[in-house]
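Participant: show me the folded form of this:
(4 chains)
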2 protein chains.
Amino acid sequence: MKNLRLKAARAGKDYSQQQLADLCGVSRQTINAIEKGDYNPTINLCMAICKALDKTLDELFWEE
Amino acid sequence: MKNLRLKAARAGKDYSQQQLADLCGVSRQTINAIEKGDYNPTINLCMAICKALDKTLDELFWEE
DNA sequence: ATAATTTGTCAAGTGTTTTTTACATAAAGA
DNA sequence: TCTTTATGTAAAAAACACTTGACAAATTAT
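Facilitator: Residues are numbered from 1 along each chain as shown, chains lettered A, B, ... in the order given. Next up is the predicted model:
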């Protein structure tokens, strides 16, 4: 399922997928795939994303 | 670096590495490696661990 | 003491994340 | 209109998470 919280947080910073990817040191496709939601990133990447967007793991990635 | 918060949370539930591994559907060695800290688990596994231990991602995995 | 459980570690293999390259479409700006 | 930027998607290969099997040291229980 899509990660809309991530998409929203990125929009809140006015970053493109490419810009966020650069900040996190990964490819644009990786960010795209995570937002699209069909896979399972590593915790280190999740933390890099959170720090780039000033969010926490729970805010962007926790699922009930 | 070691994940001592995870080790402590597991101790708080009185689970062995094997028991926690079974609850999370991974091997004992994987849990051991995460506690030892020399790698980078996936977010899905981190969430499974958190749920087994009644903790959140931020409580067990967030690093400043 | 000794048996059973737990933990630490290693090597080889499997599976999946991630990269790279590439192409197509939509939106925005000049 | 023409160009640029942003997004969605795909296939092949590289990188790495995770498994399996195994052995030894340490801990706990009997």
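Participant: alpha carbons only for contacts and neighbour counts from here, please
Facilitator: Noted.
Participant: can you give me the helices for chain A?
Facilitator: Applying DSSP state H to chain A gives helices spanning A:4-13, A:17-24, A:28-36, A:43-53, A:57-61.
Participant: could you look over those and pick the most buried one?
Facilitator: helix A:43-53 (a mean of 20; mean count of other Cα atoms under 10 Å in any protein chain shown).
Participant: hmm, back to that, columns distance to DNA strand D on top of the helices of chain A, output as JSON lines?
Facilitator: As requested, these are exported to JSON lines (distance: least, Cα to the nearest atom of the strand, whole Å):
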{"stretch": "helix A:4-13", "distance to DNA strand D": "7"}
{"stretch": "helix A:17-24", "distance to DNA strand D": "4"}
{"stretch": "helix A:28-36", "distance to DNA strand D": "5"}
{"stretch": "helix A:43-53", "distance to DNA strand D": "8"}
{"stretch": "helix A:57-61", "distance to DNA strand D": "15"}
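Participant: residue B:49 is nearest to which of these?
Facilitator: helix A:43-53 (12.5 Å; Cα to Cα).
Participant: does DNA strand C sit close to that closest one?
Facilitator: Yes - against DNA strand C, helix A:43-53 shows contacts by Cα under 7 Å from any atom of the strand at residue A:45.
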